[in-house]
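*Asks:* sharing a model prediction with you, sequence too.
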Amino acid sequence: MPRAIVDITPAGQRPDEDPSLAVRNNGGVPPSAEPAPLGRREALLLLSFGGPEGHDDVMPFLENVTRGRGIPRERLEEVAEHYHHFGGVSPINDQNKALLAALEAELRSAGIDLPVYWGNRNWAPYVEDVWQQMADDGIQHAYVLATSAYASFSGCRQYHEDVARARAALTGDAAAPGGPTAEKLPHYFDADGFVRANADALAAALAALPAEVRDSTRLVATAHSIPDTMAAVAGPEGHAYEAELQAAAQQVVDRAAPGRPFDLVWQSRSGPPSVPWLEPDVNDHLEALAEAGEKAVVLFPVGFVSDHLEVIWDLDNEARETAERLGLVFARAATAGTHPAFATALRELLEERRAGGEPRLGTNCPASCCFVRRPPADTATNGRPPSG
């Protein structure tokens, strides 16, 4: 019987959330500015969202993701069809396994002897079970690599809370958590290897277009939409989510297509119509581009690490269909995935923390960072749950 993770959403928060949770995210151990002690048994944990592995997993998985939000059964069934379209299997799991293998190879090539584990928020392998395994293996400290490069509640703070929940599960006491101590690696949206991987993908997508439209093609960066209220507190100074995405997209374009303009738009909205979310939606933006006389578009999903279901469904299916209906020549760039430069960037991020580098946003977060109260569950009954 799959466990029920209470109200874990990619863009939501329990209404009784306490901002002081951020202080306890790493079990009361602040990120160190000193090199790791010699002899301490350490590990790297790849921490992700999770996804179903077959048709029978789909509804239990979606119930885990949306528990407590009051999402009607028919809305879950609608999103379930996205998964059933792909055999009930989310591609995110195989992508995480591939990234895990790439990280292990990268560490070996750099002479770093460090075990690598993988855990999820919403499906097996659950982070609680992996934390128990690390404890059984004698791991004393874990560096947590989340599969999100940016600030936001779901992309950063909630991963801190996943770790806090896993540590508390070992003892049954949140005030006295067990297992390895932990620190989350900082945001990596501006890491050279992440930018290079996305730039290479954008350059390849442009090169695949017909020559007659290549130089005039509109470049459009996409990322997961979040509620306006959440975007306003995503970071200690507010609006870090949008600012980080804008900066990353700019660096990608500067490297792949210097001097070209680009737009940053949003996809995968999952909230009720009554709650304002970041706009414009990618499909609405394609409509506007066509009305403005644009002939071709390349979407580059810089807001995502891998080509999981939200990327495939929302862009390769829905956005492509919109573009075809509008007569727009369409291409979609790949995500960073297992690009060698991306794996190198993640290894460098790990080495920075192990050497006692100055803690940065994503590792060292104030208690108020990314805190926002979600509307009561009964206001969310028209929301579309996530499909990632």
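*Replies:* Arrived safely, thanks for sending. Residues are numbered from 1 along each chain as shown.
*Asks:* residue ranges in this structure under the pLDDT threshold?
*Replies:* Within the chain, the segments meeting pLDDT under 70 span 1-31, 366-368, 371-388.
*Asks:* what ranges do the helices span in it?
*Replies:* Secondary structure of the chain by DSSP state H: the helices cover 21-24, 58-66, 73-84, 91-109, 127-136, 158-171, 192-207, 211-214, 228-231, 240-256, 282-291, 309-311, 320-326, 340-354.
*Asks:* can you redo these as JSON lines with distance to residue 33?
*Replies:* Where you see a C-beta, it was placed from the backbone N, CA and C, and this is true even at glycine. Shown next, in JSON lines, are the helices of the chain (distance: least, C-beta to C-beta, whole Å):
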{"stretch": "helix 21-24", "distance to residue 33": "17"}
{"stretch": "helix 58-66", "distance to residue 33": "36"}
{"stretch": "helix 73-84", "distance to residue 33": "43"}
{"stretch": "helix 91-109", "distance to residue 33": "23"}
{"stretch": "helix 127-136", "distance to residue 33": "24"}
{"stretch": "helix 158-171", "distance to residue 33": "18"}
{"stretch": "helix 192-207", "distance to residue 33": "23"}
{"stretch": "helix 211-214", "distance to residue 33": "48"}
{"stretch": "helix 228-231", "distance to residue 33": "30"}
{"stretch": "helix 240-256", "distance to residue 33": "22"}
{"stretch": "helix 282-291", "distance to residue 33": "41"}
{"stretch": "helix 309-311", "distance to residue 33": "36"}
{"stretch": "helix 320-326", "distance to residue 33": "47"}
{"stretch": "helix 340-354", "distance to residue 33": "10"}
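*Asks:* and of the ones you listed, who's closest to residue 147?
*Replies:* helix 91-109 (7.0 Å; C-beta to C-beta).
*Asks:* ok, which of the helices of the chain comes nearest residue 43?
*Replies:* helix 127-136 (5.9 Å).
*Asks:* CA atoms of the closest one as CSV?
*Replies:* Output of helix 127-136 as CSV, limited to C-alpha atoms (Å, rounded to 0.1, in the frame of the first residue of the first chain):
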residue,chain,number,x,y,z
VAL,A,127,13.0,9.8,1.0
GLU,A,128,12.1,8.4,4.5
ASP,A,129,13.1,4.9,3.3
VAL,A,130,16.3,6.2,1.8
TRP,A,131,17.2,8.1,4.9
GLN,A,132,16.8,4.9,6.9
GLN,A,133,19.1,3.1,4.4
MET,A,134,21.7,5.8,4.7
ALA,A,135,21.6,5.5,8.5
ASP,A,136,21.9,1.7,8.3
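*Asks:* so which elements touch it?
*Replies:* strand 42-48, strand 116-120, helix 158-171 (3 or more C-beta pairs under 8 Å, 6 or more residues apart in numbering; DSSP states H and E).
*Asks:* nearest to residue 141, out of those?
*Replies:* Closest among these, using C-beta to C-beta: strand 42-48, at 4.9 Å.
*Asks:* just how off-centre is that closest one within its chain?
*Replies:* In this view, strand 42-48 has its centroid 15 Å away from the chain centroid, taken as C-alpha atoms, centre = their mean, to the nearest Å.
*Asks:* any idea how far residue 250 lies from residue 348?
*Replies:* 21 Å (C-beta to C-beta, to the nearest Å).
*Asks:* try residue 264
*Replies:* Distance from residue 264 to residue 348, by C-beta to C-beta: 26 Å.
*Asks:* now residue 162
*Replies:* 24 Å.
*Asks:* tell me which of these two has more neighbours.
*Replies:* residue 162 (26 against 15; other C-beta atoms under 10 Å).
*Asks:* quick one: contacts for the residue nearest the centre of the chain?
*Replies:* In the chain, the C-alpha nearest the mean C-alpha coordinate belongs to residue 148, at 3.2 Å (C-alpha atoms, centre = their mean). Taking C-beta atoms under 8 Å, 6 or more residues apart in numbering as the contact definition, residue 148 lies against 154-156, 159, 305.
*Asks:* in strands only, show me those residues.
*Replies:* Among these, no residue falls in strands (DSSP state E).
*Asks:* most neighbours among the residues you listed, which one?
*Replies:* Neighbour-wise, these (other C-beta under 10 Å) top out at residue 156, 28 neighbours.
*Asks:* is it correct that that one is in contact with residue 365?
*Replies:* Yes: the pair residue 156 / residue 365 is scored as a contact, 7.2 Å apart, by C-beta atoms under 8 Å.
*Asks:* which of the residues in stretch 337-355 are buried?
*Replies:* 337-339, 341-347, 349-350, 352-354 (16 or more other C-beta atoms under 10 Å).
*Asks:* now do stretch 246-263: everything it contacts.
*Replies:* 149-150, 189-190, 194-196, 198-200, 202-203, 206, 218-221, 264, 285, 300, 302.
*Asks:* next, the distance between the ends of stretch 279-296.
*Replies:* 21 Å (C-alpha to C-alpha, to the nearest Å).
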